[in-house]
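In: my questions are about this predicted structure, shown below with the sequence.
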Amino acid sequence: MADVKYEIVEHIAVISDKGSGWTREVNLVKWNDGGIKVDIRDWKDNKSSMRKGITLNRQEFLSLVKSFKKIDAKTISENVTVTSAEDAKATPQVIEYPQPENLDLAVNE
């Protein structure tokens, strides 16, 4: 199997860090010299290794954002396993993130 080429164009967020040297991240990534995609996967701290993840093109990403708007955060947080004292104090909230420079997030209804 040929080596996969990738370039992390923009780091968006770390969404999980278990302290094992691996973090689950959201990034804008170019795969094999293709276009920029939204990518969610686990990365080794130095970005030399990755695990399976999900890569979304523009339309898939916009559909996902639209569907996420239908989810009530309070509903899912009640069923979350608390993993730290900080998580136990957290209250569900909707956070508006700044738009990445490389991605137009206009969602057509």
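Out: Yep, it's here.
In: now the helix or strand harbouring V65: mean pLDDT?
Out: Using DSSP states H and E, V65 maps to helix 58-68. Helix 58-68 carries an average pLDDT of 94.
In: what's the helix or strand just after that helix packed up against?
Out: Later in the chain than helix 58-68, the nearest helix or strand by DSSP H and E is helix 73-77. Contact partners of helix 73-77 among helices and strands, from 3 or more CB pairs under 8 Å, 6 or more residues apart in numbering; DSSP states H and E: none. Just so you know, the C-beta spots here come from the backbone N, C-alpha and C atoms, and that holds for glycine as well.
In: mean confidence for helix 73-77?
Out: pLDDT averaged over helix 73-77 gives 75.
In: residues contacting K5?
Out: Applying CB atoms under 8 Å, 6 or more residues apart in numbering, we find K5 in contact with W31, N32, D33.
In: nearest residue to the last one other than its sequence neighbours?
Out: This means D33. Spatially, and ignoring its direct neighbours in sequence, D33 is nearest to K5 (6.5 Å; CB to CB, 6 or more residues apart in numbering).
In: per-residue pLDDT, the one you found?
Out: So K5 comes in at 92 (pLDDT).
In: surely K47 touches H11?
Out: No: judged on CB atoms under 8 Å, K47 makes no contact with H11 at a distance of 9.5 Å.
In: in strands, which of the contacts of K5 fall?
Out: Counted as lying in strands by DSSP state E, out of the contacts of K5, are W31.
In: counting neighbours, which of the contacts of K5 comes out on top?
Out: W31 (14 neighbours; other CB atoms under 10 Å).
In: quick check: that one touching V4?
Out: Yes: the pair W31 / V4 is scored as a contact, 6.8 Å apart, by CB under 8 Å.
In: the top strand by length along the chain pairs with which strands, parallel or anti?
Out: Ranked by number of residues, the top strand in the chain under DSSP E is strand 6-17. Strand 6-17 sits in its sheet next to strand 22-31 (antiparallel), going by DSSP bridges.
In: going by neighbour count, list what's buried in the partner strand.
Out: Along strand 22-31, these residues count as buried under the neighbour rule (16 or more other CB atoms under 10 Å): W22, T23, R24, E25, V26, N27, L28, V29.
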